[in-house]
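**Q** here is a sequence together with a model predicted from it:
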Amino acid sequence: MVLRLDDTDVERNTEASVTSIFEGLKWLDLGWDEEYKQSERLALHQKMAWAIFDQGQAYRDFTPAHTGDADRSGAQGTWLFNPGMRELSREESDRRAGAGAPFALRFRVPRGIGQEVRFSDAVYGEQRKAADDIEDFALLRSDGMPTYHLASCADDADLRISHIIRGQDHLTNTFKHVLIFAAAGVQAPQFAHLPLLVAPDGTKLSKRRHGPVVSVTTYRDAGFLAEAFINFLCLLGWSPKNDREQMALAELQDAFTLEGINRANAVVNFKDPAPTPEETFDPKAVWLNAEHIRSLSVEELSARLLPIVREAGFPVDPAKMLKVTPLIRERIKLLRDVLTAADFFFVDQLPSYDPLELIPQKGDVAMALNVLKRAREVLGETEFKHDLLDQALRAAAQELGIKAGQMFQPIRVAVCGRKNAPPLFETLEVLGRETSLARIEQALEKLQ
RNA sequence: GGCCCUGUCAUCUAACGGUUAGGAUACUGCCCUCUCAAGGCAGGUAUACGGGUUCGAUUCCCGUCAGGGCUACCA
């Protein structure tokens, strides 16, 4: 696998965009064997362009550059080439070039002889197009820089690329590439075009239009597991055909075939802006991530969570993290959720909460006070072990003549600072007697 | 405008021309339950439309419509 940066467009080739691409690829950990930058291989590209020119299959076009976004509403029909330039004599062409006139080098696409350009695509099948429908595309710009079409063909040939797997937006460009490969006398690689990933609005993903949700690093920073993200991506436009969804990288590799790829574009169902950060992402991606999180061992998950917790400023040690992890494993969908799901394990002082939360279902302040006072006694003398806590607190509920749930809720809110939290006894065990009692004490003060 | 590609639930997708059109996500309800999750069960929504071919079309062919891509020195 070759990582090649197609960076022949000087304007768009910024440090920031390259960094972002590298960071994303590094995170995905796909791995590659060789690495190249097209901008460092210009001589090779130019050599191929002029070889094609020498054979008469390219010509100089001295027409001033035309901006790409000209109106194509149709009135002017299809542009194929600039009359006069295509048939300029070699002598005249050389003379003008010698005089320093700027020019682009264009491919001389065969015309008027009914020639057909064809290739076989591993996904879209046999493709054919009349050469008469292909414009005389540029090989070199007037500043001498190669175009994408030329540079990529020259590099594909030089690097002996076997398979080109790319977006379907290049399907029609491939006819041009087939022409270049033929003119250069090299064999074309195998082509496989993939359906596009499109935004909910149906257009292909673009940073300009759709913002950070289309950047790989956004998923990394939000707490996706790289393997889950890859899994999700694989399921867009492809499926193992046996209803499996959650798959490890090795399983994906085993099941994957180019022939199994669909031809229709797939919508990445993101919402931007979204009410909450989590709702930004495709719900299926989030679900898959949760599945992958749950399939990680406690040790593995704990190790992945630790740096996130520390970076957020909680001074937590690996042993503590290991104890907390099983309590939140089934409650987080993104790794970063650890910060909101387990924060109360890490802080000394609970953030403030509404004291009314301490009042149990169908209860009142008096009941909450009774519960907490009784809990203070029970927790003061019971060993902090799951089963013992369970027995002692249930017995206490019975003595008070209330339901177990009414007993547990005030305690949960007192020690966690909120109603929704992991199971109570496990939580108390991890928190320990000292912290638990201190928080119950604070809760009592809040209520009075 | 021209050329190319595509069209199965809201979304991702299954279905050698013969299935009550399957699965998943999301959603709703129930169960489980100390809350929240997780898990289990149940439920609703799809073959764009019109013609063919065929005993029979989601599946093959044609047209229409819709969407996407490319289209004079972006990739």
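**A** Arrived safely. Numbers count the residues shown, from 1 in each chain, chains lettered A, B, ... in the order given.

**Q** buried ones in the top helix by length along chain A?
**A** The helix spanning the most residues in chain A, taking DSSP state H as the definition, is helix A:365-381. Residues of helix A:365-381 classed as buried by neighbour count (16 or more other Cβ atoms under 10 Å): A:367, A:368, A:369, A:370, A:371, A:372, A:374, A:375, A:376, A:378, A:379. No exception for glycine: its C-beta is placed from N, CA and C like everyone else's.

**Q** what's the nearest residue to residue A:34 once chain neighbours are set aside sitting at in phi/psi?
**A** Of all residues not flanking residue A:34 in the chain, residue A:2 sits nearest, at 4.8 Å (Cβ to Cβ, 6 or more residues apart in numbering). Backbone torsions of residue A:2, given as degrees, to the nearest 10, read phi -110, psi 130.

**Q** and residue A:2, what is it in contact with?
**A** Taking Cβ atoms under 8 Å, 6 or more residues apart in numbering as the criterion, residue A:2 is in contact with A:32, A:33, A:34, A:35, A:36, A:159, A:161.

**Q** quick one: which helix or strand includes the residue with the largest distance to the centre of chain A?
**A** Going by Cα atoms, centre = their mean, the residue of chain A most distant from its centre is residue A:399, 55.1 Å out. For residue A:399, the element it lies in under DSSP states H and E is helix A:386-400.

**Q** pipe the buried residues of helix A:365-381 into JSON lines and attach pLDDT and distance to residue A:354 per row.
**A** Listed next are the buried residues of helix A:365-381 as JSON lines, based on pLDDT from 0 to 100; distance: Cβ to Cβ, whole Å:
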{"residue": "A:367", "pLDDT": "95", "distance to residue A:354": "17"}
{"residue": "A:368", "pLDDT": "95", "distance to residue A:354": "12"}
{"residue": "A:369", "pLDDT": "96", "distance to residue A:354": "16"}
{"residue": "A:370", "pLDDT": "95", "distance to residue A:354": "20"}
{"residue": "A:371", "pLDDT": "96", "distance to residue A:354": "17"}
{"residue": "A:372", "pLDDT": "97", "distance to residue A:354": "15"}
{"residue": "A:374", "pLDDT": "97", "distance to residue A:354": "22"}
{"residue": "A:375", "pLDDT": "97", "distance to residue A:354": "19"}
{"residue": "A:376", "pLDDT": "96", "distance to residue A:354": "21"}
{"residue": "A:378", "pLDDT": "96", "distance to residue A:354": "25"}
{"residue": "A:379", "pLDDT": "96", "distance to residue A:354": "23"}
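
**Q** which SSE is residue A:139 in?
**A** strand A:138-140.

**Q** try residue A:321
**A** Per DSSP H and E, residue A:321 falls inside helix A:318-328.

**Q** now check that helix, is it near RNA strand B?
**A** No. Using Cβ under 7 Å from any atom of the strand, helix A:318-328 never reaches RNA strand B; the gap is at least 8.6 Å.

**Q** now that helix - C-alpha only, CSV.
**A** Taking Å, rounded to 0.1, in the frame of the first residue of the first chain, the C-alpha atoms of helix A:318-328 are listed here in CSV:
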residue,chain,number,x,y,z
PRO,A,318,-4.6,3.1,36.8
ALA,A,319,-5.9,1.0,39.7
LYS,A,320,-8.8,3.3,40.3
MET,A,321,-9.6,3.5,36.6
LEU,A,322,-9.7,-0.3,36.5
LYS,A,323,-12.2,-0.4,39.2
VAL,A,324,-14.4,2.2,37.7
THR,A,325,-14.4,0.8,34.1
PRO,A,326,-16.7,-2.1,34.6
LEU,A,327,-19.3,0.2,36.1
ILE,A,328,-19.5,2.4,33.1
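
**Q** next structured bit after it?
**A** Criterion used, DSSP H and E; the element after helix A:318-328 is helix A:338-341.

**Q** does that next one reach RNA strand B?
**A** No. Using Cβ under 7 Å from any atom of the strand, helix A:338-341 never reaches RNA strand B; the gap is at least 8.4 Å.

**Q** check stretch A:274-285 too.
**A** Yes. Counting by Cβ under 7 Å from any atom of the strand, RNA strand B has neighbours in stretch A:274-285: A:282, A:283, A:284.

**Q** got it, and stretch A:413-433?
**A** Yes. Using Cβ under 7 Å from any atom of the strand, stretch A:413-433 reaches RNA strand B at A:419, A:420, A:421, A:422, A:423, A:424, A:425, A:426.

**Q** of all those residues, which comes closest to residue A:185?
**A** Nearest to residue A:185 among the residues of stretch A:413-433 next to RNA strand B: residue A:422, at 67.7 Å, using Cβ to Cβ.

**Q** that older thread, which other helices and strands contact the longest helix of chain A?
**A** Applying 3 or more Cβ pairs under 8 Å, 6 or more residues apart in numbering; DSSP states H and E, we find helix A:365-381 packed against helix A:386-400, helix A:404-416, helix A:433-447.

**Q** which one of those has the most crowded surroundings?
**A** helix A:404-416 (a mean of 23; mean count of other Cβ atoms under 10 Å).

**Q** helix or strand right after that one?
**A** helix A:424-431.

**Q** for that next one, packing partners?
**A** Checking 3+ Cβ pairs under 8 Å, 6+ apart, helix A:424-431 ends up next to helix A:318-328, helix A:386-400, helix A:404-416.

**Q** what angle do that helix and helix A:365-381 make?
**A** With axes from the mean of the first three to the mean of the last three Cα atoms, to 10 degrees as the basis, helix A:424-431 and helix A:365-381 are set at 50 degrees to each other.

**Q** and helix A:424-431, average pLDDT?
**A** Here helix A:424-431 scores 97 as its mean pLDDT.

**Q** closest to residue A:304 out of the helices and strands packed on helix A:365-381?
**A** That would be helix A:404-416 among those, by Cβ to Cβ, at 23.1 Å.

**Q** pull the distance from that closest one to the chain's centre.
**A** Put simply, helix A:404-416 sits 40 Å off its chain's centre (Cα atoms, centre = their mean, to the nearest Å).

**Q** what do you get for stretch A:246-262?
**A** With Cα atoms, centre = their mean, you get 18 Å for stretch A:246-262.

**Q** before we move on, what about stretch A:414-422?
**A** Relative to its parent chain, stretch A:414-422 has a centroid offset of 33 Å by Cα atoms, centre = their mean.
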